[in-house]
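*Asks:* Sequence first, predicted coordinates after that:
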Amino acid sequence: MSASPTSPIPTVALVDTRWGGHHLTYLREFTASLLRLGARVHLICFDPAQIVASLPADLAGAAAERVICQVFIHRNQGVIRKKRDHDPLSTLARWRATGRAVRRIEARSGFTTDLVFFPYLDSYLRFAPFPLLPKWMLGRPWSGLYLRNGHLDAEQRSAAPWWKRAAKGDSLMKAPDCRAIYVLDERFNAELSSVVGHPVLAFPDMTDETPPDSPSEIAIEIRRRARGRKIIGLISIEKRKGLLTLLKVAKLAKERDDPWFFVVTGPFARDTFTEEELAFCEEMVGQVADGRMDNLHLDLSGTRFQDGKPYNALFTIFDIVWAAYENFEGSSNALTKAAAFRIPLLATKGQCIGGRVQRYQLGRTIPEGDAKAAHAAIQGIIARETEDGRPLVPDFETYHQLHSRAQLDRIFGSLLAVGNAPCERTDAETVETTAGTP
């Protein structure tokens, strides 16, 4: 399907029913990559014009010629139970609506879609264990990025009842028109490939690396308040991001008069905390306000930082990135952003994130929720020492290359190439599969 002087331009539909956060970043980066590869893009999402407007300036001409936009609004809620994202009926409706959207944009553009790519494949799997469903509803070759694959861990699989495993919908990926499945967390590729019979390959965890033009107002204010102290930062306030542990470390650092300054800001997922935990957060806000916690910037207003220059203007003033997530199994593009800007991280030991931080010495890891261990790890990162006292030498460059635009182009280029196997990683993260090529 790759373009050449004698072959037609391939047409790829990018379809996402979700909006906000990483979805915007992924849609922009995937669209840009396909344009660089010479493909035509059927962009089907909530606000495709916003994605096109955010593309790099050097792709403006290509976008004008080869991106066809269609607004696609589909409610991501259950039909049977409204407060849930998925149930059998909503997943069926999502496939049906997607098939209609693809056919509609084809009628407008005059080009048949050669491949449909789902940046969030999970929405199309839950409670849908019928491999022929995509053929009935879509009728086009497809592929996608599968994010929540932690259930394939051997311990989780043995503990979960059969109906929970079936509800994940993995068997839908056995569909004959599936080209390949891509994942951010590559640890279970062999297991998933044995289930679906298609290549399951690692995908770069992309982020917007646009450097800020100048320091933002909030970055200037935080540097002023930090007064030369090392800055440990977290942008996006959720319980799973380890906020409560971070606040405990800030209190411990204050008691010990450590020359550190902690920053917590961004969207506040209030509903992820209990009333008692929220009361603790509000107490800390009060201590910041009255000057007792002068080593902490804690903003619970829910301020959102657009990924790119606004986000990076704040991110790049951090000396250490807080990535000590809790009850979290998957990948995080915080590691990619930290590698791009050469900033070490503090992460929870184990799982995908902890394994990568240790493998590439991107920083230090701690037992989950251990404030004392986190305090010691921050001291170690500042001293550039590993846990056993050896020099900490982060391999930011290798990690960044694995999650770069160049790697994304290689993967999409391989997916578009007729008869060629999808691009596989050649480093320690690659998991070889025995499945055939797409």
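*Replies:* Nice, I can see it. Since we're looking at a predicted model, the values are computed, not measured.
*Asks:* So which residues make contact with the strand or helix carrying residue 337?
*Replies:* If you go by DSSP states H and E, residue 337 is part of helix 334-340. Residues outside helix 334-340 that contact it (Cβ atoms under 8 Å, 6 or more residues apart in numbering): 204-207, 209, 312, 315, 321, 323, 344-345, 353, 356-357, 360, 362-363, 394, 396-397, 399-400, 403. All C-beta atoms are positioned from the backbone trio N, CA, C, and that covers glycine.
*Asks:* Mind checking which of the residues you listed land in helices?
*Replies:* Taking DSSP state H, the ones among the contacts of helix 334-340 that sit in helices are 312, 315, 353, 356, 357, 396, 397, 399, 400.
*Asks:* Which of the residues you listed are buried? Put it as a ChimeraX command.
*Replies:* In ChimeraX, this line selects whichever of the ones in helices among the contacts of helix 334-340 come out buried by 16 or more other Cβ atoms under 10 Å:
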select :312,315,353,356,357,396,399,400
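*Asks:* of all the ones in helices among the contacts of helix 334-340, which comes closest to residue 259?
*Replies:* Proximity of the ones in helices among the contacts of helix 334-340 to residue 259, judged by Cβ to Cβ, is greatest for residue 315, which lies at 21.0 Å.
*Asks:* Now for the closest one: which residues touch it?
*Replies:* When contacts are counted by Cβ under 8 Å, 6+ apart, residue 315 touches 233, 235, 321, 337, 341, 343.
*Asks:* hmm, 10 Å instead?
*Replies:* By Cβ atoms under 10 Å, 6 or more residues apart in numbering, the contact list for residue 315 reads 207, 212, 219, 233, 235, 263, 305, 307, 321, 334, 337-338, 340-341, 343.
*Asks:* again with residue 32
*Replies:* For residue 32, the contacting residues are 41, 51, 54, 55, 56, 58, 59, 62, 63, 405, 408, 409, by Cβ under 10 Å, 6+ apart.
*Asks:* Closest to residue 130 out of the ones in helices among the contacts of helix 334-340?
*Replies:* Using Cβ to Cβ, the ones in helices among the contacts of helix 334-340 come closest to residue 130 at residue 353, 33.7 Å.
*Asks:* about what we covered before: and the buried ones among the contacts of residue 32, selectable in PyMOL?
*Replies:* To isolate the buried members of those in PyMOL, using 16+ other Cβ under 10 Å:
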select buried, resi 41+51+54+55+59+62+63+408+409
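*Asks:* Make a markdown table from the contacts of residue 32 and add distance to residue 246 and pLDDT to it.
*Replies:* Listed next are the contacts of residue 32 as a markdown table, based on distance: Cβ to Cβ, whole Å; pLDDT from 0 to 100:
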| residue | distance to residue 246 | pLDDT |
| --- | --- | --- |
| 41 | 40 | 98 |
| 51 | 33 | 96 |
| 54 | 31 | 93 |
| 55 | 35 | 94 |
| 56 | 34 | 92 |
| 58 | 39 | 96 |
| 59 | 38 | 96 |
| 62 | 43 | 96 |
| 63 | 40 | 96 |
| 405 | 31 | 94 |
| 408 | 31 | 96 |
| 409 | 36 | 96 |
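*Asks:* Now do the helix holding residue 337, average pLDDT.
*Replies:* Mean pLDDT, helix 334-340: 97.
*Asks:* Please compute how far it lies from its chain's middle.
*Replies:* 11 Å (Cα atoms, centre = their mean, to the nearest Å).
*Asks:* same deal with stretch 41-56?
*Replies:* With Cα atoms, centre = their mean, you get 18 Å for stretch 41-56.
*Asks:* pLDDT weak spots in this structure?
*Replies:* Residue ranges of the chain with pLDDT under 70: 1-7, 75-88, 129, 153-168, 418-438.
*Asks:* Would you enumerate the residues in contact with residue 63?
*Replies:* For residue 63, the contacting residues are 31, 32, 35, 41, 43, 51, 52, 53, 55, 56, 69, by Cβ under 10 Å, 6+ apart.
*Asks:* Could you name the specific helix or strand carrying the second one?
*Replies:* Looking back up the chat, that one is residue 32. Using DSSP H and E, residue 32 sits within helix 22-36.
*Asks:* Off-centre distance for that helix?
*Replies:* Helix 22-36 sits 13 Å away from the centroid of its parent chain (Cα atoms, centre = their mean).
*Asks:* Going along the chain, name the strands of the stretch 151-300 of the chain.
*Replies:* Ranges of strands within the stretch 151-300 of the chain are 178-183, 200-202, 230-237, 260-268, 296-298, based on DSSP state E, counting those that start in this stretch.
*Asks:* now those strands in CSV, with mean neighbour count and distance to residue 388?
*Replies:* Listed next are the strands of the stretch 151-300 of the chain as CSV, based on neighbours: other Cβ atoms under 10 Å; distance: least, Cβ to Cβ, whole Å:
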stretch, mean neighbour count, distance to residue 388
strand 178-183, 24, 32
strand 200-202, 25, 29
strand 230-237, 22, 22
strand 260-268, 23, 23
strand 296-298, 22, 30
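*Asks:* Now that we have these, can you turn them into TSV and tack on distance to residue 27?
*Replies:* Output for the strands of the stretch 151-300 of the chain, formatted as TSV (distance: least, Cβ to Cβ, whole Å):
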stretch	distance to residue 27
strand 178-183	15
strand 200-202	20
strand 230-237	19
strand 260-268	19
strand 296-298	31
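*Asks:* mind listing what's buried in the helix holding residue 32?
*Replies:* Buried residues in helix 22-36, defined by neighbour count with 16+ other Cβ under 10 Å: 22-36.
*Asks:* Just the C-alpha atoms of that helix, please, in PDB.
*Replies:* What follows is helix 22-36, C-alpha atoms only, in PDB (Å, rounded to 0.1, in the frame of the first residue of the first chain):
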ATOM      1  CA  HIS A  22      -3.300  12.400  24.600                       C
ATOM      2  CA  HIS A  23      -5.900  11.800  22.000                       C
ATOM      3  CA  LEU A  24      -5.200  15.200  20.400                       C
ATOM      4  CA  THR A  25      -1.400  14.600  20.500                       C
ATOM      5  CA  TYR A  26      -1.800  11.100  19.000                       C
ATOM      6  CA  LEU A  27      -4.100  12.300  16.200                       C
ATOM      7  CA  ARG A  28      -1.800  15.100  15.300                       C
ATOM      8  CA  GLU A  29       1.300  13.000  15.300                       C
ATOM      9  CA  PHE A  30      -0.300  10.100  13.400                       C
ATOM     10  CA  THR A  31      -1.700  12.500  10.800                       C
ATOM     11  CA  ALA A  32       1.700  14.100  10.400                       C
ATOM     12  CA  SER A  33       3.500  10.800  10.100                       C
ATOM     13  CA  LEU A  34       1.100   9.500   7.400                       C
ATOM     14  CA  LEU A  35       1.600  12.800   5.400                       C
ATOM     15  CA  ARG A  36       5.300  12.500   5.600                       C
END
